[in-house]
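[1] Sharing a model that was predicted from the sequence below.
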Amino acid sequence: EPEVTQTPSHQVTQMGQEVILRCVPISNHLYFYWYRQILGQKVEFLVSFYNNEISEKSEIFDDQFSVERPDGSNFTLKIRSTKLEDSAMYFCASTNGGQNSPLHFGNGTRLTVT
Amino acid sequence: QKEVEQDPGPLSVPEGAIVSLNCTYSNSAFQYFMWYRQYSRKGPELLMYTYSSGNKEDGRFTAQVDKSSKYISLFIRDSQPSDSATYLCAMTFSGGYNKLIFGAGTRLAVHP
């Protein structure tokens, strides 16, 4: 069964550094998402992306965050200047957007900011 | 009032028990309801996907949606130790591409 793949599985970075989290969504999917889960907390929506532009973003997704689909297969989340509170699991998800097409998630990237 | 409420547990049951997991929600505009299973340090894995009210069965799993009560349930029959995980309810508005709103997750432990 096709799946969403994310790399790296774990990223450690120092506060103030830039990080790029990478995702390969399922190939025929059209809608792409990033969600975040801080340890012990709910999975939270960050941003959705469709037709090469952001379709919705949450309050968390401030100017430090950006997303890009640089080619036909990758979808990236960039955090420009990481803060300690950015430490979390980041999940990429995708769907083809049909009425009976739920979100499929990757296994996440664990970001640790020191 | 939180948009989606889910008892975090933990819930501990013996192998073979019937498990009942529940969520309540406040926004009557939700139309699609999902249950995801999440193992430790893994991504949410879709278990059940339901549109509007009614029941849906898949093997040992049954999902129920009662929109009049704003209440959804997941039943697991003949529970196995491999069912030990966190179960997340999630819901969204019309259109499968809308953002999901998650519950906090219920941690389930099935012991042999």
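    Done, it's in. Residues are numbered from 1 along each chain as shown, chains lettered A, B, ... in the order given.

[2] Now do the same contact list for the closest residue to A:His10 other than its chain neighbours.
    Closest residue to A:His10 apart from its sequence neighbours, by CB to CB, 6 or more residues apart in numbering or on different chains: A:Arg110 at 4.6 Å. Bear in mind the C-beta positions are built from the backbone N, C-alpha and C, glycine included. Listed by CB atoms under 8 Å, 6 or more residues apart in numbering or on different chains, the contact partners of A:Arg110 are A:Ser9, A:His10, A:Gln11, A:Ala88, A:Met89, B:Arg41.

[3] Which of those fall within strands?
    Among the contacts of A:Arg110, the ones falling in strands (DSSP state E) are A:His10, A:Gln11, A:Ala88, A:Met89.

[4] Mark which of those residues are buried, thanks.
    A:Gln11, A:Ala88, A:Met89 (16 or more other CB atoms under 10 Å in any protein chain shown).

[5] Would you agree the first one is in contact with A:Thr109?
    What it means is A:Gln11. Yes. Applying CB atoms under 8 Å as the test, A:Gln11 and A:Thr109 come out as touching, 5.8 Å apart.

[6] Point out where chain B drops to low pLDDT.
    Low-confidence regions of chain B, defined by pLDDT under 70, span residues B:1, B:95-97.

[7] separation between B:Ser68 and B:Gly16?
    The gap separating B:Ser68 from B:Gly16 is 33 Å, by CB to CB, to the nearest Å.

[8] In terms of neighbours, single out the busier of the two.
    The residue with the greater number of neighbours, taking B:Ser68 and B:Gly16 and applying other CB atoms under 10 Å in any protein chain shown, is B:Gly16; the counts read 11 against 8.
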